[in-house]
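Q: Dropping the sequence and predicted coords here.
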Amino acid sequence: MERIEETNPQVRAVERAERGAPAESAERASRRRGRPRSFDRATALEKAVLAFWEHGYEATSVSDLTRAMGIGAPSLYAAFGDKQALFTEAVRVYDERHRSFAPRALAEEPTARAAVERLLREAAVTYTAPGHPHGCLVLHAATNCTSPEVEELLRERREADIAAFRSRMEQGVAAGELPADTDTGALARYVGALIQGMSQQARDGASRGELEALAEIAMAIWPRG
């Protein structure tokens, strides 16, 4: 578990002055600086994930992040770089911890239909689960984003999902599970649109049951070979 040392003597001096405490001697201040407070980097990063997940990239300020992470701005920049670099790392952590259900469903189920059904049902569970913001960070964070680099990062994530869906559909066609004339590109984008819509509806308050009902309808009209 990586721990980062945090030092901010200027902030401590201001806090002491506000409390009316006597100023520290240079010798004591030097000793204090020699024993910086440390913080767990992984824990701070998970808190950043939740902040970006809740508010999106654009609306989450550095002040919001330092408050959520429990560290000062100098420590944030020293440990993670700037806000954009922190967000890039937060998206990676989100993918690993909260969005891994998607590639698992595509890889583990024996048919494209079973994979998509599992994907949609697990999305309904994940997007409405207590303990974290609803919906999907990768989809929500793009809202009102004005950073071209961040927009491209999120677009690449979404397009990678569509490509993975299409690859699974093509396997289904090859196996005779789907009709030979299936437009795998359109079907993949249909699944992507469902996932994106479920994310937004979860943020709007849709329940797990309501999202699972969407999955049932989607599978009822699924093409068969």
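A: Thanks, I have the structure now. What you are looking at is a predicted structure, and each value in this text was computed from that prediction instead of being measured.
Q: Which parts of the chain are helices?
A: Assigned by DSSP state H, the chain shows helices spanning 9-18, 26-33, 41-55, 62-69, 73-80, 83-98, 101-108, 112-128, 137-140, 148-174, 184-203, 208-220.
Q: mind putting the ones you listed in JSON lines, mean neighbour count included?
A: C-beta coordinates here come from the backbone N, C-alpha and C atoms, glycine included. Shown next, in JSON lines, are these (neighbours: other Cβ atoms under 10 Å):
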{"stretch": "helix 9-18", "mean neighbour count": "12"}
{"stretch": "helix 26-33", "mean neighbour count": "11"}
{"stretch": "helix 41-55", "mean neighbour count": "20"}
{"stretch": "helix 62-69", "mean neighbour count": "16"}
{"stretch": "helix 73-80", "mean neighbour count": "17"}
{"stretch": "helix 83-98", "mean neighbour count": "17"}
{"stretch": "helix 101-108", "mean neighbour count": "15"}
{"stretch": "helix 112-128", "mean neighbour count": "21"}
{"stretch": "helix 137-140", "mean neighbour count": "23"}
{"stretch": "helix 148-174", "mean neighbour count": "16"}
{"stretch": "helix 184-203", "mean neighbour count": "18"}
{"stretch": "helix 208-220", "mean neighbour count": "14"}
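Q: Switch those over to TSV, and while doing so, append mean pLDDT to every line.
A: Putting the helices of the chain into TSV (pLDDT from 0 to 100) gives the following:
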stretch	mean pLDDT
helix 9-18	43
helix 26-33	47
helix 41-55	95
helix 62-69	96
helix 73-80	93
helix 83-98	95
helix 101-108	96
helix 112-128	97
helix 137-140	92
helix 148-174	95
helix 184-203	96
helix 208-220	96
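Q: where's stretch 183-196 relative to the chain centroid, distance-wise?
A: Relative to its chain's centre, stretch 183-196 lies at 21 Å (Cα atoms, centre = their mean, to the nearest Å).
Q: try stretch 194-205
A: 15 Å.
Q: List of residues touching it?
A: With contacts defined as Cβ atoms under 8 Å, 6 or more residues apart in numbering, stretch 194-205 is touched by 119-120, 123-124, 127-128, 133-136, 139-140, 158, 161, 206, 210-211, 214-215, 218.
Q: Could you rerun that using 7 Å?
A: Stretch 194-205 has contacts (Cβ atoms under 7 Å, 6 or more residues apart in numbering) with 120, 123-124, 127-128, 134-136, 139-140, 211, 214, 218.
Q: okay, those in TSV with distance to M198 next?
A: What follows is those, written out as TSV (distance: Cβ to Cβ, whole Å):
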residue	distance to M198
L120	7
A123	5
A124	7
Y127	6
T128	9
H134	10
G135	8
C136	8
L139	9
H140	12
L211	5
L214	6
A218	10
